Structures are given as structure tokens and as C-alpha cells.
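S.K.: Quick one, fold the following:
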Amino acid sequence: MRRLVRSVVTSATVVLTLVATPVVARAADNPFDHYLNQELAWGPCLFAPIEGMRPTECALVTVPRDWAAPAAGVDLRVSISRAKATGERLGAILINPGGPGGQGTSLAGMLAALQPAVSERYDFVGMDPRGTGHEGGTTPEQLGLVCEIPIGRLSTRTDLDARDRSPESIAEHQKAPRAIAEACQSEALTPFITTWQTAHDMELIRQLLGDSTLNYLGYSYGTWLGAKYASLFPGSAGKMILDSSVNWQGRLQAAFEAFPMIGQRQLDDVYLPWTARQFPEIVGATPAEAARTWEQARDYVKTLGISGDDYDSLFVGMGNQLQWLLATLIFTLAAQEMNGETPETGVPDTLRTELDALARTEYGVPLAELTLRRIAAEAPDDYAPFPGTRIAVACGDQPTRSAAWYRNLSDRQGPRYPLFGWAYGISEPCGFWSDAPRQSLPNLPAEVASKILVVQAEFDPQTGYEQARAAVRAAPGVTLVSVDDATFHGQYAVDGNPCVDGMVNVFLLHNSRPSDATCPAVPLPNETEVHPVAGPVKRDRDKLDSAARLAAERLPELREQVRERIALLDPRGPVAR
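M.R.: Numbering: from 1, shown residues only. Just a heads-up that it's a prediction; the model follows:
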């Protein structure tokens, strides 16, 4: 079943390198002093260049294992990259794609190519945060914190369905999060893979770059990291763009706990109406008919060995076009098989081409030959890798709730948000986390608020709009650009939205930050207009002209690769099988 659900880790395991030389005892007055003697040796990067991206060079930065006790343990090295400004340099923009656990070194050249006016004045600097490894690395010392979970510790059942609330079902579901938490807590590096530590790494990078302030672009969890950097080092914070935001003034875990609500909202209010417009012959011509077909398809795939949990997970966190279309491929295929139809019946020509390409890439056969039995035939490995950085940060930054609390959460969320509400609370590893945080993270001080711009899509299924709004309300002086009716994860530079890009670029290039504002969304896949949906953003009557969007669209394939990297850093929790 491993190819039904795309692994949230994908191939993006990154680098954390241990330097075998013991650290000599030193004064602890200023922990940065000892590490400022190094010079950045820029050279070739480990990752393969991607067509269209700007030329990029990489370097390793030596950091202490523990900034709270730099003389203890062995030093670590993290990888950074740089796409140099092509004109008169204003400074550097450090990039984080989210996660926790996402690598950012390749994104520097990609985002620089997508925003040429900004890359003329700024170095785009990528970073593979501690715990993530070195992007493109293959040797053991170049691999990040990955917890190996023995399959024997996981459930052997192939019919798991979180809607089954029997004690036996609950116990089977909780095997995975318990095993993940125990495996990751047993790793010696885990206590030192936190936002507090990474923020100190960022401050060292700023000093090594020779800049008085550090500008920043962070997506998803990267908004938490950026806000906490600005809170810990307010005098060093430059212009901060926080895109697809969590509530960085509250609890990081609350962003994960909101997944059931925001996922159900996207499914019911945006996705199913879209399928009814695109596939009326397959799923029905109204959202209500599509919802009934979706439930019938769920029952059908369970008869073929695809569990209810696996089916549901396809539709959770559909933050980019790839995930959107992958879910659509399974949904429409199930609906057609139920009715004895061929996979291509009732599919619009343009979407048929995309779904056929997806079937070939994901399952090795053309759309016409794809069956659900083929998809269900995948066998699991003996061990399931899990991104340790995700758990170390999510569970280690702040005090966690108990497994009993999360179990009760699933009982409360399930009836309201059946897509993921039943499953989330009984699959969260933080419920089994026993270590207390070593450091506390401050909230944003008032003097930094004028430097921060938040960008948020209304129906983002991975970081809910309410999370971003709560952070802004709790930090007077921060401004918010809302994107009305937008449903994908990551807006600036990756959505081809001239309204969003224009506002952010004016801030970066002309130091003019917008007041709270609303941008219209771009259309959904295979559509030329936006279909308004009632939601938390007040309706904006303006619409993006299709011609204006096309004129602003640069390097669409590169743009989609950036979005995939951001959206596939999905922090849901259970091992993908």
C-alpha cells in the first residue's frame, strides 16, 4: 500500500554531519564567538540542478550540538546554499520550506529564478536545518535524523478504519505513534533538534554572511521558525515573509490538531464541488451527489484491500496540484470501477492527459490500464523510515498533550470532521512523548511587528486560515494578506498570483509593507475562473483577469516543483504504508 499514499518524507532526507573532533572547553559568555572564526567555503552543491533554476553554490556551517552548552558534545555541520544577487545587493533572504524537516538548499536557486526582480537585489540563501541532513547527500554521514520503525511494532492489519471505535481498533491505531515516539526519543540527537537550536544556527549564518539583519521567507512550519528567530533575536530580524502560517504566538501542535477541520472544509466546500464540475458523469453533477459517490467509493476500495484510513489520507492536506490530482485519480477510478466503466470515461480531455501522466509516473501503467487492485498490491518494507526532525521539533518545542487527551480529541473531532477527525487524535506521536522541552520559546516582541508580513490562503488544507489570523491578532502591528478562495499551500512565488507577488515584492524592494489586504485567488486546475466559496475571508469582489495571470506566469514547471516540495512536507504523523 505504499504507493497509494505518497510518503511525506519522499526522497528529501537531508544532512546532519557529526564532526568527530572533540570540542575544547571554552568560555560561554557569547556562544557565537568560537564559531565566527570559520569562513564559508562556497562550492558545488550535492543536489542535482533543476532545469530553470538560478546557479547555486553551497557551503557547510559548523555549529555546536547544543547552543545552551557549546563546549559539550561534538560539533555539527549544516548545509546552506546561495544564489547570488545579480545586481546591487541589499542583503540576503533565508528560505525555509516548512515541515518541520524540510530542506531548503535547492529552493534558493528555484525561488530566485521565479522572482528575478527580487533576486537582482538579494542573495537567496537556502538552508538544510539541523536534523534534515544535506540535500542530495547519499553517504551515512550525510543523512539526517530518520527514525527506523520496525514493522513488527506496527499494526499488521490491512483493514484499519478509524471510524471503528472499538478498543481493539483504537489499540491498533496507537501502535504506530507509540513506536514512532519511542524510536525517535531513543536517538541521541533528538533533544538538540528544536526550533530554539535552529534559530541560533540562523543567527550564526547571519553573522557569517556579514549582514546586519537577516531577511526571511518561510512557508508552513517555516513561519513558526521565522517568528521564533525574530523573537529570540529581534535586533537581527530584517523583513520577514511568513507564508501559509501557523499560530506562532500560540502552540505549534495546535496547527496539526487543526488538520481535521481544515481538511474537511477543503473536501466539502472546495474539492467535491470541483469534482462535480469536472466529472459530472462519474461522480454526479452536484456537490451532494459527489459526496455520496465519495462515500460509496470509500466502501468499494475497502473490498479490494485498501483500508479506509489509506483512502481518507489521500484527501487530507491536498496542498498542491499533484496531491489534488492523485486523490482525483483514485476517486474517479473507484467510481468508474463500481459502475463497470473504463478509467477514461467521462474525463475531460485536458485532465485525461494529466491523469494519464500521473498513472504512468506513480503506478507504471497508462490510465487505461490502471486498476485499484494493482494499486492495492504494494507490500510494505521491513522498516518504515520516519522523519525524525518532524517529531523532534513538533514534540520537543513545547510541552505535549497526553495520549489520552489525543484519544478524547479524536472522539470530539470525528463526528464533525470524519475525513481525518477520527484518525488524527489516535495517530499523533506527540501523545506518547515523555521528554520535557529544554528551552522555552518567547512570543514576538512589539518592536519586531512592523517587520513581519503574513500571507495566507483562505482554504489552505495544511495551515488553517484561523491559525494565521490568530497569530496576527496576538501580535499588533503585523499585517496579513489574505487570499480569498485560494486552496493550495504556499502562495508567494509559487501560485502565479500577481496580486500576492506584487505586494510582497514591493515590501522587499521598496520597504513599503502593505496594510491588511485581500487578494483574489487563481483558478483551480482545469478552470479559467474562480468559483467563490463562503469562508473566513470577507469576499473580495475583485477577480484576477486570466490574461493578467498568464502574463505573470513564469517557469510554470519549476513553480510547480517548488509547490510540491512545500506541500509534500505534510506533518500528519502516521507512517505511510
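S.K.: hey, let's count contacts and neighbours off CA atoms from now on
M.R.: OK.
S.K.: For Thr132, see how far away Glu57 is.
M.R.: 19 Å (CA to CA, to the nearest Å).
S.K.: out of the two, which sits in the busier spot?
M.R.: Thr132 (31 against 22; other CA atoms under 10 Å).
S.K.: Surely that one and Leu145 touch.
M.R.: Yes: if you go by CA atoms under 8 Å, Thr132 and Leu145 touch, sitting 6.2 Å apart.
S.K.: partners of the lengthiest strand in the chain in the sheet?
M.R.: Under DSSP state E, the strand in the chain containing the largest number of residues is strand 74-83. Applying DSSP bridges to the sheet, strand 74-83 is found paired with strand 17-22 (antiparallel), strand 57-63 (antiparallel), strand 122-128 (antiparallel).
S.K.: all helices for the stretch 201-350 of the chain, in order.
M.R.: 221-232, 253-257, 259-265, 272-278, 280-283, 287-302, 308-313, 321-338, 349-363 (DSSP state H, counting those that start in this stretch).
S.K.: What's the local residue count around Ala199?
M.R.: 22.
S.K.: Which other helices and strands does whichever strand or helix holds it contact?
M.R.: In this assignment (DSSP states H and E), Ala199 forms part of helix 195-209. Contacts defined by 3 or more CA pairs under 8 Å, 6 or more residues apart in numbering; DSSP states H and E place helix 195-209 against helix 221-232.
S.K.: can I get the CA coordinates of the helix it packs on in CSV?
M.R.: Extracted C-alpha coordinates of helix 221-232, given in CSV (Å, rounded to 0.1, in the frame of the first residue of the first chain):
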residue,chain,number,x,y,z
TYR,A,221,6.3,25.4,9.8
GLY,A,222,8.9,27.9,8.4
THR,A,223,6.5,30.7,9.7
TRP,A,224,7.0,29.3,13.2
LEU,A,225,10.8,29.1,12.8
GLY,A,226,10.9,32.7,11.4
ALA,A,227,8.8,34.2,14.1
LYS,A,228,10.7,32.5,16.8
TYR,A,229,14.0,33.7,15.3
ALA,A,230,12.7,37.2,15.3
SER,A,231,11.5,36.7,18.9
LEU,A,232,14.9,35.4,20.1
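S.K.: for the protein, which spans come out with low pLDDT?
M.R.: 1-28, 378-384, 540-554, 570-577 (pLDDT under 70).
S.K.: OK, contacts around Tyr35?
M.R.: Thr62, Val63, Leu204 (CA atoms under 8 Å, 6 or more residues apart in numbering).
S.K.: repeat that for 7 Å
M.R.: Val63 (CA atoms under 7 Å, 6 or more residues apart in numbering).
S.K.: what's it sitting at in phi/psi?
M.R.: phi -90, psi 0 (degrees, to the nearest 10).
S.K.: so how far is Ala71 from it?
M.R.: Note on Tyr35: its distance to Ala71, by CA to CA, is 11 Å.
S.K.: swap in Ala183?
M.R.: Counting by CA to CA - Ala183 and Ala71 are separated by 27 Å.
S.K.: More neighbours: the two, which one.
M.R.: Taking neighbours as other CA under 10 Å, Ala183 and Ala71 compare with Ala71 leading, 20 against 17.
S.K.: returning to that earlier point: out of the helices of the stretch 201-350 of the chain, deepest packed?
M.R.: Highest mean neighbour count among the helices of the stretch 201-350 of the chain (mean count of other CA atoms under 10 Å): helix 221-232, with a mean of 26.
S.K.: Which strands or helices does that one pack on?
M.R.: Counting by 3 or more CA pairs under 7 Å, 6 or more residues apart in numbering; DSSP states H and E, the packing neighbours recorded for helix 221-232 are helix 195-209, strand 237-243.
S.K.: quick check: angle from that helix to helix 195-209?
M.R.: Orientation of helix 221-232 against helix 195-209 (axes from the mean of the first three to the mean of the last three CA atoms, to 10 degrees) gives an angle of 70 degrees.
S.K.: Which among the helices of the stretch 201-350 of the chain is found nearest to Pro498?
M.R.: helix 321-338 (18.7 Å; CA to CA).
S.K.: circling back to that earlier point, output the strands paired with strand 74-83 as JSON lines; include the columns distance to Ala171.
M.R.: Listed next are the strands paired with strand 74-83 as JSON lines, based on distance: least, CA to CA, whole Å:
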{"stretch": "strand 17-22", "distance to Ala171": "37"}
{"stretch": "strand 57-63", "distance to Ala171": "41"}
{"stretch": "strand 122-128", "distance to Ala171": "36"}
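S.K.: hey, which of those strands is tucked in deepest?
M.R.: Mean neighbour counts for the strands paired with strand 74-83 (mean count of other CA under 10 Å) peak at strand 122-128, with a mean of 28.
S.K.: how far away is Val537 from Ala521?
M.R.: With distances taken as CA to CA, Val537 is found 12 Å from Ala521.
S.K.: let me redo that: Glu203
M.R.: According to CA to CA, Glu203 and Ala521 sit 35 Å apart.
S.K.: In terms of packing, which of these two has more residues around it?
M.R.: Ala521 (30 against 20).
S.K.: what residues are up against the more buried one?
M.R.: Contact partners of Ala521, counting by CA under 7 Å, 6+ apart, are Val483, Asp484, Asp485, Ala486, Val530.
S.K.: Neighbours of the second one, how many?
M.R.: So that's Asp484. As a burial measure, Asp484 scores 28 neighbours (other CA under 10 Å).
S.K.: Pretty sure it sits against Pro523.
M.R.: No: between Asp484 and Pro523 there is no contact under CA atoms under 7 Å: 11.2 Å.
S.K.: The residue positioned nearest the centre of the chain is in what secondary structure piece?
M.R.: Nearest residue to the geometric centre of the chain (CA atoms, centre = their mean): Leu569, 3.4 Å. If you go by DSSP H and E, Leu569 is not part of any helix or strand.
S.K.: Next up, phi/psi of Asn96, please.
M.R.: Torsion angles at Asn96 (phi, psi; degrees, to the nearest 10) stand at phi -130, psi 130.
S.K.: Which residue, other than its chain neighbours, is closest to it?
M.R.: Distances taken as CA to CA, 6 or more residues apart in numbering put Gly218 closest to Asn96, at 4.7 Å, once the chain neighbours are dropped.
S.K.: what's the neighbour count on that neighbour?
M.R.: The criterion is other CA under 10 Å. On that basis, Gly218 has 26 neighbouring residues.
S.K.: before we move on, what about Thr139?
M.R.: Using other CA under 10 Å, Thr139 has 9 neighbouring residues.
S.K.: With Leu46 as the reference, measure out to it.
M.R.: With CA to CA as the criterion, Thr139 and Leu46 are 11 Å apart.
S.K.: hmm, back to that, need the helices of the stretch 201-350 of the chain in TSV (columns: distance to Glu466).
M.R.: Formatted as TSV, those follow (distance: least, CA to CA, whole Å):
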stretch	distance to Glu466
helix 221-232	14
helix 253-257	10
helix 259-265	9
helix 272-278	22
helix 280-283	31
helix 287-302	25
helix 308-313	22
helix 321-338	22
helix 349-363	32
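S.K.: so which of the ones you listed gets nearest Glu428?
M.R.: Relative to Glu428, the nearest member of the helices of the stretch 201-350 of the chain by CA to CA is helix 253-257, separated by 8.9 Å.
S.K.: And the closest one, how far out from the chain middle?
M.R.: Between the centre of helix 253-257 and the centre of its chain there are 13 Å (CA atoms, centre = their mean, to the nearest Å).
S.K.: how about Ala59, what does it touch?
M.R.: Residues in contact with Ala59, defined by CA under 7 Å, 6+ apart, are Leu40, Ala41, Trp42, Gly43, Ser79, Ile80, Ser81.
S.K.: and with 8 Å instead?
M.R.: The neighbours of Ala59, taking CA under 8 Å, 6+ apart as the test, are Leu40, Ala41, Trp42, Gly43, Cys45, Ser79, Ile80, Ser81.
S.K.: hang on, isn't the second one packed against Glu57?
M.R.: No: the criterion here is CA under 8 Å, and Ala41 misses it with Glu57 at 9.5 Å.
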